[in-house]
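[1] fold the following, please.
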Amino acid sequence: MKFELLHTDSQTKARLGKIETDHGVIETPIFMPVGTAGTVKAVHTRELHNDIQAQIILGNTYHLYLRPGLDVLKQAGGLHKFNGWNKPILTDSGGYQVYSLAENRKITEEGVKFKSHIDGSYHFFSPESVMDIERTIGADIMMAFDECPPYPCDYTYAKKSMHLTHRWLERCCKRVDETEGLYGYSQTLFPIVQGSVFKDLRKESAEFIASMGREGNAIGGLSVGEPAEMMYEMTEFVCDILPKDKPRYLMGVGTPANILEGIALGIDMFDCVMPTRNARNGMLFTTQGIINIRNEKWKNDFTPIDETLGGEVSGFYTKAYLRHLMISKEILAAQIASIHNLRFYLWLVTQAKEQIRLGTFKAWKDKMVVDLMRKL
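    Take a look at the predicted model:
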């Protein structure tokens with residue numbers, strides 16, 4: 001993997017960059033749709049390519065390991081061939097899913113023993129086994145196995161957790177460096193900065209992660225319940241430490257406003273389940289603000305979902321029709337809403353790139369943060 005920093009904004013820390021992988025180029029800043037179980041929920045691969053114009057998607061190590069399982073993925077030739085997506089894929093390490101299983105897992109120095117949410121069976125993840133799993137899935141970018149501390153947590157726990165993540169990272173790096181991909185293309189490893197909301201821990205973690213010299217770096221343990229301003233403070237602090245010539249990935253973030261503020265702080269890559277999860281519940285992000293499509297006010301609104309956004313879905317189906325589908329609990333409602341929200345998120349980062357190029361990003365961002373989060 002190669003990263004080229006193309007331009008930095010003069011008024012903020014926003015950047016334009018280009019990541020080259022064996023499955024194609026990713027222009028940053030970028031939003032990555034989340035495909036937990038090998039699919040972006042309710043969205044066809046062709047729609048990811050055409051209407052949404054995604055450049056990279058995510059797969060989830062924990063979920064794919066449990067189902068369909070590694071044997072199936074290996075026989076298929078990896079996740080790219082299994083789901084028909086021929087552009088880059090990033091896999092998380094399963095660390096966050098294990099974190100969310102607080103009542104059904106045990107963390108030790110060796111790794112994590114956890115109980116499957118599917119059938120109650122017990123499994124064990126170590127840094128080495130997770131690297132092997134991500135090799136088998138076949139992601140272009142593999143995340144290191146980490147522990148994500150909860151918020152709030154006390155300083156002692158956060159420090160202990162961070163050092164465990166660092167020791168696990170050394171094992172991840174060793175395993176990746178002594179193994180090769182299974183499918184004839186290169187795979188790269190991103191370490192994850194932890195440290196909760198404690199500046200001295202974030203500093204120590206960012207410096208340690210930077211010292212590992214991998215091709216990209218991630219910031220984890222944020223957007224887990226802390227105030228937005230605290231998330232921005234930690235993000236900016238860590239970005240100032242991480243190397244400028246490597247892509248920076250803020251994990252699990254977030255709202256349109258979060259993404260724009262993150263770009264301004266120097267983040268290059270984002271992912272979040274919000275656009276698809278909220279879509280299935282009737283919340284639409286639009287260029288004018290946020291719509292709850294279930295509301296009565298849209299019953300007789302025969303204008304397109306978002307005329308500014310256009311496209312085969314957002315510029316074609318009306319608000320009244322989508323509301324009818326949502327109220328009727330038609331499956332098509334989730335599909336239309338999900339495609340629309342993802343198209344909006346990819347439109348947003350594309351607009352951000354253009355504003356950075358023009359040197360007008362800050363003023364545009366400050367206005368959009370207010371406009372896009374307005375409830376219509």
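[2] next up, the contacts around the closest residue to residue 311 other than its chain neighbours.
    Nearest residue to residue 311, sequence neighbours excluded (Cβ to Cβ, 6 or more residues apart in numbering): residue 51, at 5.0 Å. The way it works is simple: take the backbone N, C-alpha and C, and place the C-beta from them, glycine included. By Cβ atoms under 8 Å, 6 or more residues apart in numbering, the residues touching residue 51 are 311-313, 339, 343.
[3] same deal with residue 178?
    With Cβ under 8 Å, 6+ apart, residue 178 has no contacts at all.
[4] swap in residue 22?
    Residues in contact with residue 22 (Cβ under 8 Å, 6+ apart) are 140, 185-186.
[5] for the residue nearest to residue 311, helix, strand, or coil?
    coil (DSSP: H, G, I helix; E, B strand; the rest coil).
[6] my read is that residue 255 contacts residue 373, right?
    Yes: Residue 255 sits in contact with residue 373 when judged by Cβ atoms under 8 Å, with a separation of 6.9 Å.
[7] still on that earlier bit, just the contacts of residue 51: which are in helices?
    339, 343 (DSSP state H).
[8] make a markdown table from the contacts of residue 51 and add neighbour count and distance to residue 63 to it.
    Putting those into a markdown table (neighbours: other Cβ atoms under 10 Å; distance: Cβ to Cβ, whole Å) gives the following:
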| residue | neighbour count | distance to residue 63 |
| --- | --- | --- |
| 311 | 20 | 29 |
| 312 | 13 | 29 |
| 313 | 23 | 26 |
| 339 | 28 | 22 |
| 343 | 26 | 25 |
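[9] which strand or helix spans the residue lying farthest from the centre of the chain?
    Distance to the chain centre peaks in the chain at residue 300, reaching 35.7 Å (criterion: Cα atoms, centre = their mean). Under the criterion DSSP states H and E, no helix or strand holds residue 300.
[10] show me the shaky parts of the stretch 1-150 of the chain.
    Applying pLDDT under 70 to the stretch 1-150 of the chain flags the ranges 99.
[11] now do the strands in it.
    Using DSSP state E, counting those that start in this stretch, the strands of the stretch 1-150 of the chain run over 2-8, 15-21, 24-28, 30-32, 34-35, 57-60, 89-92, 105-107, 112-115, 122-125, 141-143.
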